[in-house]
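Participant: Pasting the sequence and the predicted coordinates here, then a few questions.
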Amino acid sequence: MAGFEESYRNILISNLNDLEKEAERFVVSPGRDFSRRRKLPFAETMKAVLYMEVNSLNKELCDLYNLQPDNPFIFVQQRGKIRHEAFRRFNDETSVNDLNLSPPCS
């Protein structure tokens, strides 16, 4: 089972990295959003959204990045810069049928 999970995780990360190369297409203000170095760049913001569970925003960010954000709204601002098409594209590229991976038998 660990082999499947590791393969799937690697594909997810690879797809996020590919999406980041085209980030200009998926942001609200191309040329401006995610143009400077930030604590939460495009791919990390996408990862945070995808990995979040049911805890508070502060706890989730601490768990994911091992940091205490100065202001929890930093994430909210960064997330607001990403258009929903980025998540749709990510979902389309990482659907189980497209991955050619078969989940382990239980």
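Facilitator: That came in fine, so what should we check first? Numbering: from 1, shown residues only.

Participant: Check which element follows the helix or strand residue 4 falls within along the chain.
Facilitator: Per DSSP states H and E, residue 4 falls inside helix 2-21. The helix or strand immediately downstream of helix 2-21 is helix 42-51, counting by DSSP H and E.

Participant: low-confidence ranges in the protein?
Facilitator: 1-2, 66-71, 96-106 (pLDDT under 70).

Participant: returning to what we had before: show me what counts as buried in the helix holding residue 4.
Facilitator: Neighbour-count burial for helix 2-21, with 16 or more other CB atoms under 10 Å as criterion, is recorded at 11-12, 15-16, 19-20. For the C-beta atoms, the positions are set from N, CA and C on the backbone; glycine is no exception.

Participant: Stretch 51-67 too?
Facilitator: 60-61, 64.

Participant: In helices, which of those residues fall?
Facilitator: Applying DSSP state H to the buried residues of stretch 51-67, the entries found in helices are 60-61, 64.

Participant: re earlier: which among the buried residues of helix 2-21 gets closest to residue 91?
Facilitator: residue 15 (9.7 Å; CB to CB).

Participant: I'd say that closest one and residue 87 touch.
Facilitator: No - assessed by CB atoms under 8 Å, residue 15 is found out of contact with residue 87, at 11.6 Å.

Participant: Give me the phi and psi for the closest residue to residue 12 other than its chain neighbours.
Facilitator: Excluding the flanking residues, the one nearest residue 12 by CB to CB, 6 or more residues apart in numbering is residue 94, at 5.8 Å. The phi and psi values for residue 94, taken as degrees, to the nearest 10, are phi -120, psi 20.

Participant: Next up, the contacts around residue 94.
Facilitator: Applying CB atoms under 8 Å, 6 or more residues apart in numbering, we find residue 94 in contact with 11-12, 15.

Participant: Redo these as TSV? Include distance to residue 76.
Facilitator: As requested, the contacts of residue 94 are exported to TSV (distance: CB to CB, whole Å):
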residue	distance to residue 76
11	28
12	23
15	24
